[in-house]
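Asker: I would like the atomic coordinates for the input below:
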Amino acid sequence: MPKIVTFGEVLLRLSTPGFQKIEQAEIFEVTFAGTEMNVGASLARFGFEVSHVGVFPDNAMGKKAKAFIRKLGISDKYIFLNGERTGLYFLEKGAVSRASQIVYDRTNSAFVNFEPAGYNWEEILEGAEWFHWCGITPASGEKPAAALLEALKVAKKLGVRVSSDIYYRSNMWNYGKTPQDILPELAAYCEIILASRKNIEEIFGITVEEDKGKFQIAAQKLMEHFPNVKKVIDTERTQISASHNRLSARMWNGTDYLKTQTLDVTHIVDRVGTGDAFLGGFIYGQMILKDDLKSIEFGNAASALKHTIPGDQNLVEIYEIENLVDGDVSGKIRR
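Answerer: Numbering: from 1, shown residues only. Sure, this is the predicted structure:
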């Protein structure tokens with residue numbers, strides 16, 4: 001199977017039991033999570049050879065994190081042990097009309113402080129067919145942003161396909177740069193970008209004045225500005241409550257506007273990581289199914305199923321996603 005490389009920070013996730021609020025919790029459930037690693041976890045489950053690139057402190061927690069990544073079927077060859085602390089996030093899962101809450105504690109983590117020269121991208125990307133990153137990585141610090149830019153330059157040199165979830169968190173940009181300063185240069189190396197119309201307008205200064213077809217118009221303008229971008233994808237979520245969402249996905253590929261059917265997720269177990277599950281399914285579709293509509297359908301079904309699984313990673317099998325794509329929503333026991 002093809003080799004996939006992902007790059008980004010992996011955090012220690014501490015979740016309240018059940019649906020407790022943080023102020024109620026006396027214990028926390030512990031696991032590890034990271035947007036790019038979550039994408040890689042899906043692809044490893046689908047049978048791809050996946051390597052994640054990141055940094056943990058050289059202590060018991062860092063070694064535990066490396067073991068967790070190996071357990072997901074992801075190579076930890078390029079997980080470096082350096083620095084003093086692992087970034088954290090605390091999750092309080094919402095229910096019904098109460099939204100989920102996330103609190104980050106990731107300042108001065110080992111990943112953020114690692115020197116860009118410590119990554120040998122020529123070696124890391126040798127033989128890879130796909131490289132994936134997200135907008136949180138360059139938001140986290142100047143050093144990760146510089147390392148990512150170098151990775152993208154090497155990926156272009158080696159002919160590696162590149163995808164990105166361009167979504168960024170505005171409150172993370174605390175090192176004197178803005179998303180508008182950094183993300184356009186990085187996006188220029190991508191073949192596939194996940195972004196909403198709002199993201200495109202805010203990050204790239206692209207305006208859409210038309211009343212209809214705003215997403216595809218914004219996507220087309222983005223592709224004209226960055227000729228390397230061939231496809232723009234987006235997910236749509238209608239939130240009935242914190243426990244009930246409706247999901248769909250869409251794409252503009254320069255010629256056709258494609259959209260999936262809507263999937264109804266009526267009893268959400270854990271919403272975190274569902275966008276990453278979509279991207280894992282989408283990349284599978286691009287590399288194996290080789291069809292744009294089937295790719296977003298597979299990704300949307302993967303995302304819907306992730307809502308039923310605790311934790312950040314999507315642990316479903318290919319046949320389960322295929323069944324949902326084919327319309328089987330019964331949840332009948334398999335014997």
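Asker: Surely F80 is in a strand?
Answerer: Yes - when DSSP: H, G, I helix; E, B strand; the rest coil is applied, F80 is found to be in a strand.
Asker: Can you give me the separation between it and F56?
Answerer: Here the criterion is CB to CB, to the nearest Å. By it, F80 lies 8 Å from F56. C-betas here are computed from N, CA, C, even on glycine.
Asker: So which of these two has more stuff around it?
Answerer: F56 (29 against 19; other CB atoms under 10 Å).
Asker: My guess is that one contacts F68. True?
Answerer: No - F56 lies out of contact with F68 (CB atoms under 8 Å); the separation is 10.1 Å.
Asker: Tell me the bridge partners for V5.
Answerer: S51, F131 (DSSP bridges).
Asker: How about the contacts made by G54?
Answerer: Applying CB atoms under 8 Å, 6 or more residues apart in numbering to G54 gives the contacts 7-10, 34, 37, 78-80, 111.
Asker: Now list the buried members of those.
Answerer: For the contacts of G54, a burial check counting by 16 or more other CB atoms under 10 Å picks out 7-10, 34, 37, 78-80, 111.
Asker: Give the rounded mean pLDDT of the helix ranked longest in the chain.
Answerer: Using DSSP state H to define each element, the chain has its longest helix at helix 142-158. The average pLDDT for helix 142-158 rounds to 98.
Asker: who's in contact with that helix?
Answerer: Contacts for helix 142-158 (CB under 8 Å, 6+ apart): 7, 9, 53, 111-116, 119, 121-122, 124-126, 128, 131, 133, 137-138, 160, 162, 175-177, 182, 185-186, 189.
Asker: C-terminal to that helix, which secondary structure element comes first?
Answerer: Where DSSP states H and E defines the elements, the next helix or strand beyond helix 142-158 is strand 161-165.
Asker: The following helix or strand past that next one to strand 161-165, inter-axis angle?
Answerer: Counting by DSSP H and E, the next helix or strand C-terminal to strand 161-165 is helix 179-187. Computed by axes from the mean of the first three to the mean of the last three CA atoms, to 10 degrees, the angle separating helix 179-187 from strand 161-165 equals 160 degrees.
Asker: quick one: buried residues of helix 179-187?
Answerer: In helix 179-187, counting by 16+ other CB under 10 Å, buried: 179, 182-183, 186-187.
Asker: returning to what we had before: out of the contacts of G54, which sit inside helices?
Answerer: Going by DSSP H, the helices hold 37, 111 from the contacts of G54.
Asker: Among the contacts of G54, which one sits closest to D328?
Answerer: Ranked by distance to D328 (CB to CB), the contacts of G54 are led by M37 at 29.4 Å.
Asker: Tell me which residues of stretch 42-56 come out buried.
Answerer: 42-46, 48-56.
Asker: Over to stretch 11-31?
Answerer: Buried-residue list, stretch 11-31, by 16+ other CB under 10 Å: 11-16, 25.
Asker: Distance across that stretch, terminal residue to terminal residue?
Answerer: Using CA to CA, to the nearest Å, one end of stretch 11-31 lies 9 Å from the other.
Asker: for it, the distance to its chain's centre please.
Answerer: Distance of stretch 11-31 from the chain centroid (CA atoms, centre = their mean, to the nearest Å) equals 22 Å.
Asker: What mean pLDDT does the strand or helix carrying V103 get?
Answerer: Assigned by DSSP H and E, V103 falls within strand 101-105. Across strand 101-105, pLDDT averages out at 86.
Asker: From the rest of the structure, what touches the helix or strand of the chain with the lowest mean pLDDT?
Answerer: The weakest-scoring helix or strand in the chain, judged by mean pLDDT, DSSP states H and E, is strand 101-105 (a mean of 86). With CB under 8 Å, 6+ apart as the contact definition, strand 101-105 has outside contacts at 11, 21-22, 87-92, 94, 172, 272.
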